[in-house]
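[1] Take a look and give me a structure for this.
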Amino acid sequence: MLAIRLPAEIERRLEELAKKTGRTKSYYARQAILEYMEDLEDYYLAEERIKSFREAKAIPLEEIMKRYGMED
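    Below is the predicted model of the structure:
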């Protein structure tokens, strides 16, 4: 279980949304957290991939062309 304190304005907006849609405040809090976590996970995965790419040894274009029989 998780308990969080929200600023009054956010609490009010969350209550209004819940009333309008017939869903609970917990539902929207859970959805918001899940979406944010997915975004963070994507961000950190991309950051790791960029780091790996930058650390990888580059292969010159000429070598790739030669390797695949695309020499001039």
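
[2] Output the below-cut-off pLDDT ranges for the protein.
    Counting by pLDDT under 70, the chain contains low-confidence residues at 72.

[3] Please enumerate the helices of this structure.
    Along the chain, the segments classed as helices by DSSP state H run 8-21, 25-55, 61-67.

[4] and residue 25, how many neighbours?
    A count of neighbours around residue 25, defined by other CB atoms under 10 Å, yields 14. (C-beta placed from N, C-alpha, C; glycine too.)

[5] what's it in contact with, if anything?
    Contact criterion CB atoms under 8 Å, 6 or more residues apart in numbering gives 14-15, 18 as the residues in contact with residue 25.

[6] separation between it and residue 9?
    For residue 25, the distance to residue 9 equals 14 Å [CB to CB, to the nearest Å].

[7] Likewise for residue 62?
    Relative to residue 9, and taking CB to CB, residue 62 is found at 60 Å.

[8] And these two? Which one has more around it.
    Neighbour tally, residue 62 and residue 9, criterion other CB under 10 Å: the higher count belongs to residue 62, 11 against 8.

[9] In CSV: the helices of the chain, plus distance to residue 1.
    Rendered in CSV, the data for the helices of the chain read as follows (distance: least, CB to CB, whole Å):
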stretch, distance to residue 1
helix 8-21, 18
helix 25-55, 10
helix 61-67, 55
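
[10] how about those, which one is nearest residue 2?
    Set against residue 2 and scored by CB to CB, the helices of the chain come closest in helix 25-55, at 8.4 Å.

[11] Would you indicate which residues of the closest one are buried?
    Buried residues in helix 25-55, defined by neighbour count with 16 or more other CB atoms under 10 Å: residue 28.

[12] same check, this time on stretch 2-22
    14, 18.

[13] Run the chain-centre distance for that stretch.
    Taking CA atoms, centre = their mean, to the nearest Å, one finds stretch 2-22 lying 24 Å from the centre of the chain it belongs to.

[14] cool, stretch 50-68 as well?
    Averaged over its C-alpha atoms, stretch 50-68 has a centre that lies 28 Å from its chain's centre (CA atoms, centre = their mean).

[15] what comes into contact with it?
    Contacts to stretch 50-68, defined as CB under 8 Å, 6+ apart, come from residues 70-71.
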